[in-house]
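Q: coords please:
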Amino acid sequence: MHSRRWVAVVMVGLVCAVAFTGCKRKPRKGAMLGDNVGGVTGTDVYGEGLADRFGEGRSEVAGQFTPVYFDYDSAQINESERGKLDQVADYLRRNAAGGMVVEGHCDERGSNEYNLGLGERRALAIRSYLVQSGVDAARLQTKSFGEERPVAAGHDEGSWSQNRRGEFVLVQ
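A: Predicted coordinates for the structure are as follows:
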């Protein structure tokens with residue numbers, strides 16, 4: 001009788017382990033979020049390489065610019081972050097070759113769909129600021145990663161504040 005009870009406990013444990021582990025979420029291919037700033041439409045969230053988007057033989061350069069950080073559940077650019085965007089705009093006005101992809105990121109709170117939308121709104125806000133600063137809209141694309149690419153793995157405000165950001169990928 002004890003062996004049946006032990007087998008039942010092991011089976012329940014295995015079922016629970018499988019149920020709680022689940023499968024990794026797969027990104028939806030071809031998911032589209034609107035991008036209507038400056039006449040450019042249709043930003044592919046999980047699409048082909050960025051170099052494909054801007055032409056053959058181009059390469060991607062990430063990390064050249066300081067990320068722009070956002071408040072919780074906000075796509076509004078804070079006054080304290082505008083200097084970073086002014087530096088990006090100045091660089092792009094002085095270097096007319098190539099383009100840039102503005103990436104929007106979120107912290108882990110909220111649903112995947114909500115965070116993809118919020119990341120896109122953040123990227124679009126940055127893009128709009130750059131266009132208003134004199135950067136040609138045709139050189140700028142947006143891409144949302146939502147919560148999928150955190151830079152800080154913690155589950156506290158210190159980590160979340162680092163993950164609520166906009167980043168820049170220069171395409172040359």
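
Q: Show me the helices in this protein, by range?
A: 2-21, 50-54, 82-94, 112-132, 157-163 (DSSP state H).

Q: Let's test this: mean pLDDT of the first one, rounded?
A: Along helix 2-21, the predicted confidence averages to a pLDDT of 56.

Q: and if you look at the last one?
A: In this model, helix 157-163 has a mean pLDDT of 95.

Q: Could you give me the buried positions within it?
A: The neighbour-count criterion (16 or more other Cβ atoms under 10 Å) identifies 160, 162-163 as the buried residues of helix 157-163. The way it works is simple: take the backbone N, C-alpha and C, and place the C-beta from them, glycine included.

Q: Just put these in CSV and tack on distance to Q172.
A: Putting those into CSV (distance: Cβ to Cβ, whole Å) gives the following:
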residue, distance to Q172
W160, 32
Q162, 27
N163, 27
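
Q: just for this structure, where's the confidence low?
A: Along the chain, segments meeting pLDDT under 70 span 1-63.

Q: again, 50 this time
A: By pLDDT under 50, the low-scoring segments of the chain are 18-51, 56-57.

Q: List the contacts of Q64.
A: Listed by Cβ atoms under 8 Å, 6 or more residues apart in numbering, the contact set of Q64 reads 168, 170.

Q: where's it relative to A75, distance?
A: Q64 sits 23 Å away from A75, going by Cβ to Cβ, to the nearest Å.

Q: What of L130?
A: Computed with Cβ to Cβ, the distance linking L130 and A75 is 15 Å.

Q: cool, E148 as well?
A: E148 sits 18 Å away from A75, going by Cβ to Cβ.

Q: now do V135
A: Looking at V135 against A75, where the rule is Cβ to Cβ, the gap reads 19 Å.

Q: what about the two, which has more around it?
A: Neighbours around V135 and A75, counted as other Cβ atoms under 10 Å, are more numerous at V135. The numbers are 23 against 19.

Q: how many other residues sit next to the residue lying closest to L140 once chain neighbours are set aside?
A: Counting by Cβ to Cβ, 6 or more residues apart in numbering, the nearest residue to L140 once its immediate chain neighbours are dropped is R127, at 5.0 Å. Using other Cβ under 10 Å, R127 has 25 neighbouring residues.

Q: Would you confirm that R127 contacts S144?
A: No: taking contact to mean Cβ atoms under 8 Å, the distance of 11.7 Å between R127 and S144 leaves them out of contact.

Q: What is the neighbour count of A125?
A: The criterion is other Cβ under 10 Å. On that basis, A125 has 22 neighbouring residues.
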